Structure formats: structure tokens, C-alpha cells
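> Everything below, folded, please.
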Amino acid sequence: MSEPLFEVKNLTVDYGSKKPALRNVSLTVEPGERLAIVGPSGSGKTTLLRCLVGIEQPTAGTVLYRGESVGRSRASGQRVRRETGFIAQDPQSSFNPLLTVESSLWETATAHLSFRARHRARPAVRARTLELLQELALSEDSINRYPHEFSGGQRQRIAIARALITDPTTLVADEPVSALDVLARQRFVATLLDVVASRELTLITVTHDLTIVPNLATRLIELRNGEITQDTALPA
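Predicted coordinates for the structure are as follows:
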């Protein structure tokens, strides 16, 4: 049996309010799994996601990524973030409005490199960006355009390209369709599934929209009041 990609043990996050954001949460995520984390607002979904990728540190408990504790060292935190592509909730605000598509993806691809290495990498990152834009049915001239020049659905496809620019093993999406209309939502889900299947990626999606779960996930975890209340396998 393979080692879990993520292993969460007795995770608690307490901001000092009456109820912890997360309370004694334990779960594993296997390589190649497609997991949906659902629940009402305030249930702890995004907090759990932030702990998984090392953005937030728990009050108690541990998060392991490939057997290493996330956040215990700078190297472990960098590794999980480098190997995880993140798709944010709002395709508009998740991009710097002053950067072109090329610059946004270059910033992501080279964030871990030295100043000199970043600039030497620009031609390779540009070539990779053009490949991803083509794969995601976006025109070549998109590389020189700014976020406000795209529709919401197009911006979310560019967000997928940005998430893929580091060749991650895992994609993490936080409420990825909440800002899209019905048609754009359907197209985004289909595109995301194609990307995940062709690369055999692990996919973790946080959503309150249960209509997308049967298409996106093979497993559902429900959170309520910071605790797991359901953990169910779904038909592939």
C-alpha cells in the first residue's frame, strides 16, 4: 500500500472563540484521489485547506505531506507549496491587475528561484505558458493581455494554467465555481477534469456547491462546526 499524500492527525485550530474552527480532525488523502470537502459557511473547510498546504499552522495536531510534517521546517512548507497548484475562489481578485498573463505565470513558476535564475528561466516559462494556454483553449495573444480583458470563465482557465505552471502533483481549488455562471461553471468543471485525468493528479476541492461534487470527486468529506460528520466514497 502506498504512503498517503496527506495525513491529518487530530487537527485543531482555535482562534480563541467559543468554538474552534477545526476540532480533532483526522483524515488521509491518497495519491490520485479526487476529494471534495463540503459544508456550510463557517464549518472549517477553508481552514482545513490552508492547513494542508502549510499556509496556516494548527493549534494542535499534525499535517504530514509525503510523511513529512508540514510547517515544521521551511523546506517542508516550500515542498508542499511547490508541488501543489492552487486555484482561488475569485478569478478576478486572485490576479494582480497590473501583470499580464505571462508575468503572472512567470511569478508563480520562479518564486522559489534566485534573482538571476528567475530571469534566465523566462524564455522556458514563456514557452510553457503558451503550451498551457493552447491546451486550455485560450488564444496565443492571451499571454500579453491583462486579467480584466477576460471573461470570468476565461480567467478561471488562466487560473488553472497558473496552477499547472510548476508541474504539481496536486491541484487544490477553493470554491472555484462560486463566481461563475452556470455555463461557465460546466465548462470549468469539464476542463479541470480533463487536466486532472491527463496528468493523473490529486484533486482537493472545497465547495458549498453540491451540484459539482458528483462530477469532480470520488470521495466526499462533510464538515460541520469544525468536525467531520461524513466521509463517503462516491462513484468514479
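> Checking the spatially most central residue of the chain next. Helix, strand or coil?
The centre of the chain sits closest to Val172, judged by CA atoms, centre = their mean, with a distance of 1.9 Å. For Val172, the reduced secondary structure class is strand; criterion used: DSSP: H, G, I helix; E, B strand; the rest coil.
> And Arg126, by the same measure?
Per three-state DSSP, Arg126 ends up helix.
> I'd assumed Glu102 was in contact with it.
Yes - using CB atoms under 8 Å, Arg126 and Glu102 qualify as a contacting pair, with a distance of 6.1 Å. C-beta here means a position set from N, CA and C on the backbone, and glycine is covered the same way.
> Neighbour count for these two, which is higher?
Set side by side, Arg126 and Glu102 show unequal neighbour counts under other CB atoms under 10 Å, the larger going to Glu102 at 18 against 15.
> For Glu135, see how far away that one is.
16 Å (CB to CB, to the nearest Å).
> Spell out, range by range, the strands that occur in the protein.
In the chain, the strands defined using DSSP state E lie at 6-13, 22-29, 34-38, 60-65, 68-69, 84-87, 170-174, 202-207, 219-224, 227-233.
> okay, those strands in TSV with distance to Ala121 and mean pLDDT next?
Putting the strands of the chain into TSV (distance: least, CB to CB, whole Å; pLDDT from 0 to 100) gives the following:
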stretch	distance to Ala121	mean pLDDT
strand 6-13	29	96
strand 22-29	30	96
strand 34-38	31	97
strand 60-65	25	94
strand 68-69	26	90
strand 84-87	18	94
strand 170-174	22	95
strand 202-207	26	96
strand 219-224	36	96
strand 227-233	41	96
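> any chance of those strands in JSON lines, with distance to Val53 too?
Formatted as JSON lines, the entries for the strands of the chain read as follows, by distance: least, CB to CB, whole Å:
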{"stretch": "strand 6-13", "distance to Val53": "9"}
{"stretch": "strand 22-29", "distance to Val53": "12"}
{"stretch": "strand 34-38", "distance to Val53": "13"}
{"stretch": "strand 60-65", "distance to Val53": "8"}
{"stretch": "strand 68-69", "distance to Val53": "13"}
{"stretch": "strand 84-87", "distance to Val53": "5"}
{"stretch": "strand 170-174", "distance to Val53": "6"}
{"stretch": "strand 202-207", "distance to Val53": "9"}
{"stretch": "strand 219-224", "distance to Val53": "16"}
{"stretch": "strand 227-233", "distance to Val53": "19"}
